[in-house]
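**Student:** Give the three-dimensional model of this entry:
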Amino acid sequence: MATRNPSLNTVPSLKKKAAMTAEAEDELKGPRGDWWWTGVKPTACPGFDEAAGVLRSLPLPNTATATRQEVIDYFNNCWTQTEVLFACLQGSHAFLRQPYHQLRHPMVFYYVHPAVLYVNKFRVAGLLDEGLDQFIEQLFETGVDEMSWDDLSQSREDWPSIRDCHAYRKASYDLIMRVLKTHPSLNGPSNWGTVGWAIFMGFEHERIHIETSSVLIRELPLEFVRKPEFWPDYHLSVNQPSSAVPKQSTDFPVNSLIEVAGGKVVLGKPDDYPSFGFDNEYGRKEIEVPAFRASKYKVTNGEFAAFVRDSGYSNKQWWTEEGWSWRTFRNVKWPTFWVLDGPSGLHRYRLRVLFDAVEMRWNWPVDVNVHEAHAYCAWKTAQDGQLVKYRLITEAEHNCIRNKRDRVDAVARPAASTAAAAVAAAPKGSKPVITIGAVAAGAAVGAGGSPAADPAVNVDMAMVVSGCDAAKVAGANFQLAYGSQSPVTALPPSEAGFHDVFGNAWEWGEDHFAAFPGFKVHTYYEDFSAPCFGGLHHLIFGGSFMSTGQLASKFARYQFRPHFFQHASFRLVQSNVDLSLYDTSKASPEQPIVPFYDTSCMDAAEPYVGDHPCCSKACRDRFTPTRAEEMEYNAAKLAATKSSYETDFLMSQYLSLHFGPLEIAFA
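**Tutor:** Numbering: from 1, shown residues only. So this is what the prediction gives:
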């Protein structure tokens with residue numbers, strides 16, 4: 001019988017997987033035959049790493065210069081990666097089994113949904129006149145919203161057979177390829193205003209589901225999955241010995257806080273930047289970031305183990321009200337991908353990776369949701385005896401810990417005519433230089449306010465590296481460089497000294513998902529962003545080992561509700577404030593000061609769900625006021641009270657009670 005805690009569900013699976021022997025295999029068991037591949041076989045697919053025998057991701061295309069063949073290659077890379085991943089599922093029940101949390105569809109939906117979206121969006125954009133199968137294209141059109149943790153979905157039981165789903169994928173592949181080979185929209189650049197934008201939208205939507213499907217696969221019992229052929233290997237550290245009880249400096253590193261000066265950050269992707277972006281990336285918002293400090297690494301499994309051993313999951317004081325309700329409903333006792341390896345009081349665990357349960361990797365980033373991250377921050381604040389509370393990073397702060405080239409405001413915003421001229425002037429077959437902003441990169445500003453060209457600092461690394469060279473060139477575990485997370489010390493730090501700013505695991509933020517000023521809904525995908533602008537979804541930053549294409553871009557803005565799991569971790573952040581500004585007599589490590597910090601959702605631009613932005617600088621109830629703010633508040637409160645007390649009406653009532661009717665008393 002399934003429990004509400006997935007980590008408890010996986011325990012018997014370890015034994016079941018070991019016991020699988022000579023069970024009769026059907027066509028969905030074991031390695032897939034040639035029939036499985038509806039497009040290009042992995043060994044013939046662009047992105048195939050012949051040395052390793054695996055398929056990795058290609059770089060994100062340049063929408064201004066990509067040739068038709070480059071577009072086709074990128075599509076085949078997406079499409080075949082989906083089929084390599086889904087080749088892990090063992091038996092039809094693995095496709096049809098609803099997730100334990102009942103917040104998503106079964107895997108069969110995500111096997112077909114990307115293909116359906118290509119067809120439907122191509123029709124919306126005018127690339128196709130007709131679809132293939134109206135029933136399939138309605139049934140698989142829309143996924144489950146990120147609903148509340150206790151709003152359980154009742155899945156349908158009459159899904160089409162896997163063979164029928166496979167047949168639809170084959171037919172849709174052929175249809176999509178005809179568009180890519182013949183449609184005139186790919187004869188020139190694609191951008192927000194061209195029909196070719198729908199083509200690139202389809203690619204990046206499919207990559208979203210490659211990643212989110214991998215999370216659902218990681219949640220399946222082990223008897224339903226196996227590591228598929230052509231999938232990248234786990235990081236080599238997976239085979240290293242592991243201690244039952246982790247020790248700092250031996251099994252995981254000391255995670256010190258690094259000072260960051262802060263400064264101005266300009267959020268928002270330039271309209272004419274030549275890569276695909278979803279609508280929420282565009283617009284412009286400036287934030288002045290005060291000084292702060294942040295942990296050198298994302299919090300590791302080894303660090304988080306101390307919280308688990310200290311009964312952090314059973315101590316209500318560390319949890320928000322919503323977080324505690326979620327924890328008790330799910331009966332959660334440790335991180336979702338930890339697998340109990342003995343009696344619960346022994347605190348011995350293995351780690352669930354995509355297709356296996358391996359010895360615990362204490363130096364890998366811990367996978368948690370926002371509720372767990374916030375609880376750890378509160379607990380760690382008390383453990384360290386801090387008067388200023390630890391928290392998660394913000395979107396603007398995340399830009400401050402990146403390399404200069406990787407900041408979102410490190411990109412020039414040339415006029416449209418300048419961008420077009422750069423494309424036209426580029427030699428045939430080459431890619432034009434995208435220059436980087438003067439403030440972030442230190443480049444000289446040229447005529448007209450545009451920075452001078454600087455090829456050394458001009459790129460979004462997601463457009464430069466594939467999975468074959470991401471770790472070496474970009475210093476990041478993304479684009480399927482590995483099939484798992486890696487030690488937080490494995491790759492070099494950013495210029496500011498922070499590791500895994502990009503890749504390995506997403507980083508939860510304090511910001512809610514909200515629009516920038518200048519935001520516009522794209523008509524090809526009207527419900528991609530706007531329905532989530534309601535203060536219920538938290539941003540994630542930097543990508544994970546599973547992030548490919550646009551998900552690995554420095555401009556990516558993705559979000560989930562706080563109870564959802566992704567390959568996501570967090571970094572400790574603490575505002576660097578002058579304590580003399582606060583009344584510290586009221587503060588303690590258990591009730592710490594929470595200084596005001598600006599988030600990208602503060603006083604957000606329309607549209608938003610509801611009547612107003614989710615957060616506002618004028619409403620600071622969740623922050624600790626400074627002495628000056630407290631005095632100002634008390635003075636305003638006194639003035640309001642005095643004003644309401646001394647109205648003419650109240651004065652008249654007062655005199656009447658003492659002297660009788662005023663017309664008589666003062667006649």
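
**Student:** By mean pLDDT, which helix or strand of this protein comes out lowest?
**Tutor:** helix 438-441 (a mean of 30; mean pLDDT, DSSP states H and E).

**Student:** where's residue 380, which helix or strand?
**Tutor:** For residue 380, the host element (DSSP states H and E) is helix 370-383.

**Student:** tell me what that helix is packed against?
**Tutor:** Helix 370-383 sits against helix 301-309, helix 321-330, with contacts defined as 3 or more C-beta pairs under 8 Å, 6 or more residues apart in numbering; DSSP states H and E. No exception for glycine: its C-beta is placed from N, CA and C like everyone else's.

**Student:** Indicate which one of those helices is closest to residue 170.
**Tutor:** Of all these, helix 321-330 sits nearest to residue 170, with 39.3 Å by C-beta to C-beta.

**Student:** circling back to that earlier point, now find how far off-centre the helix or strand following the helix holding residue 380 is within its chain.
**Tutor:** Going down the chain from helix 370-383, the next helix or strand is helix 395-400, by DSSP H and E. Centre-to-centre, helix 395-400 and its host chain are 14 Å apart (C-alpha atoms, centre = their mean, to the nearest Å).

**Student:** same deal with stretch 529-544?
**Tutor:** With C-alpha atoms, centre = their mean, you get 7 Å for stretch 529-544.

**Student:** got the buried residues for it?
**Tutor:** By 16 or more other C-beta atoms under 10 Å, the buried positions in stretch 529-544 come out as 529-530, 532-533, 535-544.

**Student:** quick one: terminal-to-terminal distance for that stretch?
**Tutor:** 21 Å (C-alpha to C-alpha, to the nearest Å).

**Student:** so how far is residue 29 from residue 233?
**Tutor:** 22 Å (C-beta to C-beta, to the nearest Å).

**Student:** if you count what's nearby, which of these two comes out ahead?
**Tutor:** Using other C-beta atoms under 10 Å as the criterion, residue 233 and residue 29 rank with residue 29 on top: 16 against 13.

**Student:** Grab the nearest non-local neighbour of the more buried one.
**Tutor:** Distances taken as C-beta to C-beta, 6 or more residues apart in numbering place residue 90 nearest to residue 29, at 5.4 Å, with adjacent residues excluded.

**Student:** Test my guess that residue 266 contacts residue 285.
**Tutor:** Yes. Using C-beta atoms under 8 Å, residue 266 is in contact with residue 285, at 7.4 Å.

**Student:** that older thread, of the helices and strands packed on helix 370-383, which is nearest residue 461?
**Tutor:** helix 301-309 (26.9 Å).

**Student:** so the closest residue in space to residue 276 that isn't next to it in sequence is in which element?
**Tutor:** With sequence-adjacent residues excluded and distances taken as C-beta to C-beta, 6+ apart, residue 276 is closest to residue 200, at 3.9 Å. Using DSSP H and E, residue 200 maps to helix 197-219.

**Student:** Near residue 192, how many other residues are there?
**Tutor:** 15.

**Student:** What of residue 583?
**Tutor:** 13.

**Student:** For it, give its distance to residue 634.
**Tutor:** In this view, residue 583 and residue 634 are 12 Å apart by C-beta to C-beta.
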